[in-house]
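Undergrad: Quick one, what's the 3D model for this:
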Amino acid sequence: MRFAILGPVKVFGDDGGEASLDGSKQRTVLTALLLARGGLVSDDRLSSLLWGWHPPSTINAQIYTYISRLRKYLGPTIEIIRQRPGYCMRIGAARFDYDEFERLSGQGQADLKGGRFEAAADHFRQALELWRGPALADVTEYLADAELPHLEEARMLTLEGRIEAELALGRHRPLVTELSTLVTEHPMRERLRAQLMTTLYRCDRQAEALAVYQEGRRILADELGVDPGATLNAVYHAILTGDLDQGRATANSRDPVSAVWADTGPAMLPPRTVDFTGRVAEVSQLTAALRPPAAGAANLPAPILITGAAGVGKTALGVHVAHLGRREFPDGELYVDLDGMGPHPKNPFEVLGWFLRALGVHELAIPSSLDERIQLYRSQLARQRTLVMLDDAASEVQVRPLLPSGPGCRVIVTSRTRLSALPGAQVTRLEPMAADEALGLLRAIVGQDRVAAEPRPAQRIVELCAGLPLAVRIAGVRIAAKPTWSFDRFAVRLADRSRRLDELRCGELDVRTSLHLSYERLDESSRRMFRQMALLDTPDFPAWAAAAVLGRPERGVEEILENLVDAQLLEVGLIYQGRPRYRFQPLVAVFAREQALREDNREQRRVAVDRGLDAWLGRALKARKLLSVPALVRPRIGWSGSDAESVAAETARNWFEGERDVLVGLLHQASATGRHQVAWDIADVLRSFFDVTGLAEGAIDPPTPSWSEPGRPARAG
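TA: Okay, here's the model as predicted:
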């Protein structure tokens, strides 16, 4: 039996006849199993390749039907095995055209490296003849989008290898037409363009060769905003100096194109942010960490981990520092966005393939197992000085296979999670910007003159953005795009909490979307905690209050709170009597309240707030019983009461002082939402505290309301 995917997907029986396949979805399942090379293809993977983001409700039944029909059509010699959570296929002695292609292309590559140019050209040619047209011609668009770029790249590398072998054999004249067509079809493949330049030069068409270079330079600038790479530049300068080899290559020489191609290091960093400002201390610390270790240093350099909440500027800082340190890494820079917060974080197996190709490893020399890829990757970097940046990591499991072991390499990792198990990481935790830094960022985006013209509204905008760089950037971009807008007008728009996140959105920049990525990764208990604790008007809260709101034991609630801290959706504030208190960043609180309105009904929200109010009021009433004027002033009046009473009274006073701002906020929330009896009770216990401590009468000033829900019925009692 023979399987073919290098063209329309087909199956040929032992007699040479074509086996019947029902349609594109069945061909998609077959192709996915073939490309897995005996590995497991999960049900989720099959679903995404068959239906994309909109699978039917009968996913499992339909996949089972496709598998059953394949078993029937392929017969007993082909095993399709159910291995939860997916399927794997073993084809035994059957032939697979892509396997044959890789084998022939790999032989050609080995011949090319060994100077056996005739054999190399022959093997490359045989590999290319297996292509019967565009690969995967009749599968779903989702499979084609996922796999076709990889297959096409393998074909192009093989084609370039065949041309390189023929150039080495002196067959440049027949190649002119073919290369001209290929460069027209693939204008940004610099290796093909360099081969065309070499061919034209060897045909005594030097002016045309230089024109091909200039055309490529213009296209790269217009399309990508970059200059030609080392490969193209080396051939260009070799033509100008007359050093480009005119004759047939020998077994001990290499074509100038392939020589430069193999020696070029990767340069994968994204452009740095032009208006990057602030973070002076962090930049200084991180650039120092990128410098080579002192001579004789015993320990390998630790990974650099930049962590922090959504929108706090982790990627911008990491890329900025990486660019500043590029001169320390002459062998190049590797970069990948691991999409850790997205629905489909990148697989280290795939990332290693990209990195190995960038390091010059031929497509067909890249191993098919994860362990072998890790070993080859680390071997490639063992004696290099290369910078690796792993952006938006989901977990330590995703990061560990991508860590190089060479002493000359450095790794920058950015992640919203703390990655506590990452061995020896040097951690930089980013906080929101200080007011002056955030204002500096706004100036860099909008312009010094406009900020200077309205300094107070500009400061108000920065305050409403809570120092979050993403929010400040969005505000700046929106104002810069509207020359007629005043800062004061935009500050008024931002001041409306119900629409604040709507205002902090511009194109792909969106504070709400960024926070939602973190929220979506939480389990249901953590989501409920996140939503319902934000309903309370408190600057912070302890674990016992959260336990009361959720109606669960405090021990289990502490674990949920720490999950939220690890997800950077809560912060640990003051530590009171050895126990942490938790708080929301202002924009995170706005988002959490939105989620409560969206996901919890009115009764669920009422119950959550009532539980929180009752919890604080109950503790306040108990603390009031312990308050005693004599106990608190005993050292001054010589009171002879017991030490236990004195300690209890002092403990109660400390509790009230620690919870004072919380109780004041809850008092006003209870009053604003119609819970008048609770508001009266909280005011009464606060009055007792103020009477005992002798604090000024203005201790309960009305705050600016931060949360209310219209139509709240009054609480009975």
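
Undergrad: Quick check: can you list the domain ranges of this protein?
TA: With automatic domain parsing as the criterion, the domains of the chain are listed as 1-158, 170-264, 280-292+301-430, 435-513, 522-600, 604-717.

Undergrad: and the end-to-end length of the first one?
TA: Think domain 1-158. Using CA to CA, to the nearest Å, the span of domain 1-158 from its first residue to its last is 26 Å.

Undergrad: Repeat that for stretch 395-411.
TA: Per CA to CA, stretch 395-411 runs 15 Å from first to last residue.

Undergrad: Give the buried residues for the longest helix along the chain.
TA: Determined from DSSP state H, the single longest helix within the chain is helix 643-672. The neighbour-count check on helix 643-672 (16 or more other CB atoms under 10 Å) flags 646, 648-650, 652-653, 655-656, 659-660, 662-672 as buried. Placement of C-beta: from N, CA and C, glycine included.

Undergrad: Between the domains of the chain, which one is closest to residue 164.
TA: With CB to CB, the closest approach to residue 164 among those belongs to domain 170-264: 5.3 Å.

Undergrad: Now do that closest one: distance to the chain's middle.
TA: 37 Å (CA atoms, centre = their mean, to the nearest Å).

Undergrad: what's the distance between residue 457 and residue 214?
TA: Taking CB to CB, to the nearest Å as the measure, residue 457 falls 50 Å from residue 214.

Undergrad: do the same with residue 305
TA: Counting by CB to CB, the gap from residue 305 to residue 214 is 45 Å.

Undergrad: When those two are compared, which one has more neighbours?
TA: When neighbours are counted by other CB atoms under 10 Å, residue 305 and residue 214 differ, and residue 305 comes out ahead with 26 against 11.

Undergrad: Send over the helix or strand containing that one as CSV, restricted to the C-alpha atoms.
TA: Using DSSP states H and E, residue 305 falls within strand 304-308. The C-alpha trace of strand 304-308 is given here as CSV (Å, rounded to 0.1, in the frame of the first residue of the first chain):
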residue,chain,number,x,y,z
ILE,A,304,16.3,35.8,33.6
LEU,A,305,12.6,35.7,34.4
ILE,A,306,10.5,38.9,33.9
THR,A,307,7.1,38.4,35.5
GLY,A,308,4.1,40.6,36.3
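
Undergrad: Name the surrounding residues that touch that strand.
TA: 286, 289-290, 314, 317-318, 410-419, 422, 425-431, 568 (CB atoms under 8 Å, 6 or more residues apart in numbering).

Undergrad: again with stretch 87-99
TA: 1-6, 33-36, 38-41, 46, 67, 77-81, 130, 151.

Undergrad: And it, what's buried?
TA: Applying 16+ other CB under 10 Å to stretch 87-99 flags 87, 88, 89, 91, 94, 96, 97, 98 as buried.

Undergrad: mean confidence score for that stretch?
TA: Mean per-residue pLDDT for stretch 87-99: 89.

Undergrad: Stretch 651-668 too?
TA: 86.

Undergrad: Just the buried positions in the helix or strand hosting residue 238, please.
TA: Element membership for residue 238, per DSSP H and E: helix 230-241. By neighbour count with 16+ other CB under 10 Å, helix 230-241 contains the buried residues 231, 232, 233, 234, 235, 236, 238, 239.

Undergrad: so what's residue 77 closest to, chain neighbours aside?
TA: Leaving aside its sequence neighbours, residue 77 sits nearest to residue 92 (CB to CB, 6 or more residues apart in numbering; 6.0 Å).

Undergrad: Next: residue 427.
TA: Take residue 427 and drop its neighbours on the chain: the residue closest to it by CB to CB, 6+ apart is residue 305, 4.8 Å away.

Undergrad: Now the element after the lowest-mean-pLDDT helix or strand in the chain, going C-ward?
TA: Among the helices and strands of the chain, helix 256-263 carries the lowest confidence by mean pLDDT, DSSP states H and E, at a mean of 42. Past helix 256-263, further along toward the C-terminus, the next helix or strand under DSSP H and E is helix 280-290.

Undergrad: Can you name the residues in contact with that next one?
TA: Contacts of helix 280-290 (CB under 8 Å, 6+ apart): 301, 304, 306, 317, 320-322, 324-325, 328, 387, 410, 412, 426, 428, 430.

Undergrad: what does the model give residue 479 for pLDDT?
TA: In this model, residue 479 carries a pLDDT of 90.

Undergrad: so it touches residue 450, yeah?
TA: Yes - between residue 479 and residue 450 there is a contact under CB atoms under 8 Å: 7.5 Å.

Undergrad: With just CA atoms, put stretch 123-138 into PDB.
TA: What follows is stretch 123-138, C-alpha atoms only, in PDB (Å, rounded to 0.1, in the frame of the first residue of the first chain):
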ATOM      1  CA  HIS A 123      18.900  12.800  -5.100                       C
ATOM      2  CA  PHE A 124      17.400  16.300  -4.800                       C
ATOM      3  CA  ARG A 125      15.800  15.800  -8.300                       C
ATOM      4  CA  GLN A 126      14.300  12.500  -7.300                       C
ATOM      5  CA  ALA A 127      12.900  14.000  -4.200                       C
ATOM      6  CA  LEU A 128      11.200  16.900  -6.100                       C
ATOM      7  CA  GLU A 129       9.700  14.500  -8.600                       C
ATOM      8  CA  LEU A 130       7.500  13.000  -5.900                       C
ATOM      9  CA  TRP A 131       5.500  16.200  -5.800                       C
ATOM     10  CA  ARG A 132       2.400  15.900  -8.000                       C
ATOM     11  CA  GLY A 133       1.200  19.400  -7.500                       C
ATOM     12  CA  PRO A 134       0.400  21.500  -4.400                       C
ATOM     13  CA  ALA A 135       0.500  19.300  -1.400                       C
ATOM     14  CA  LEU A 136      -2.600  18.600   0.700                       C
ATOM     15  CA  ALA A 137      -4.800  19.800  -2.200                       C
ATOM     16  CA  ASP A 138      -8.000  18.400  -0.900                       C
END
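
Undergrad: that older thread, model confidence over the helix holding residue 238, on average?
TA: 82.

Undergrad: Quick one: the strands in the stretch 451-600 of the chain, in order.
TA: Along the stretch 451-600 of the chain, the stretches classed as strands by DSSP state E, counting those that start in this stretch are 505-506, 509-510, 541-542, 571-576, 579-583.

Undergrad: The helix or strand just after the longest helix of the chain: which residues count as buried?
TA: Later in the chain than helix 643-672, the nearest helix or strand by DSSP H and E is helix 676-693. Neighbour-count burial for helix 676-693 flags 678, 679, 681, 682, 683, 685, 686, 688, 689, 690, 692 (criterion: 16+ other CB under 10 Å).

Undergrad: Kindly report the same for stretch 152-161.
TA: Here stretch 152-161 shows 154, 155, 156, 157, 158, 159, 160, 161 as buried, counting by 16+ other CB under 10 Å.

Undergrad: for the residue nearest to residue 77, helix, strand, or coil?
TA: coil (DSSP: H, G, I helix; E, B strand; the rest coil).

Undergrad: where does the protein dip in pLDDT?
TA: Scanning the chain for pLDDT under 70 picks out the ranges 243, 245-264, 293-300, 574-578, 628-643, 645, 693-717.

Undergrad: The same query, at a cut-off of 50, please.
TA: 246-263, 298, 629, 631-641, 696-698, 702-708, 710-717 (pLDDT under 50).

Undergrad: chain center to stretch 98-118, what's the gap?
TA: Counting by CA atoms, centre = their mean, stretch 98-118 comes out at 37 Å from the chain centroid.

Undergrad: what's the answer for stretch 484-498, then?
TA: The answer for stretch 484-498 is 31 Å, by CA atoms, centre = their mean.

Undergrad: Next, the buried residues of that stretch.
TA: Those would be 487, 490, 491, 493, 494, 497, for stretch 484-498 by 16+ other CB under 10 Å.
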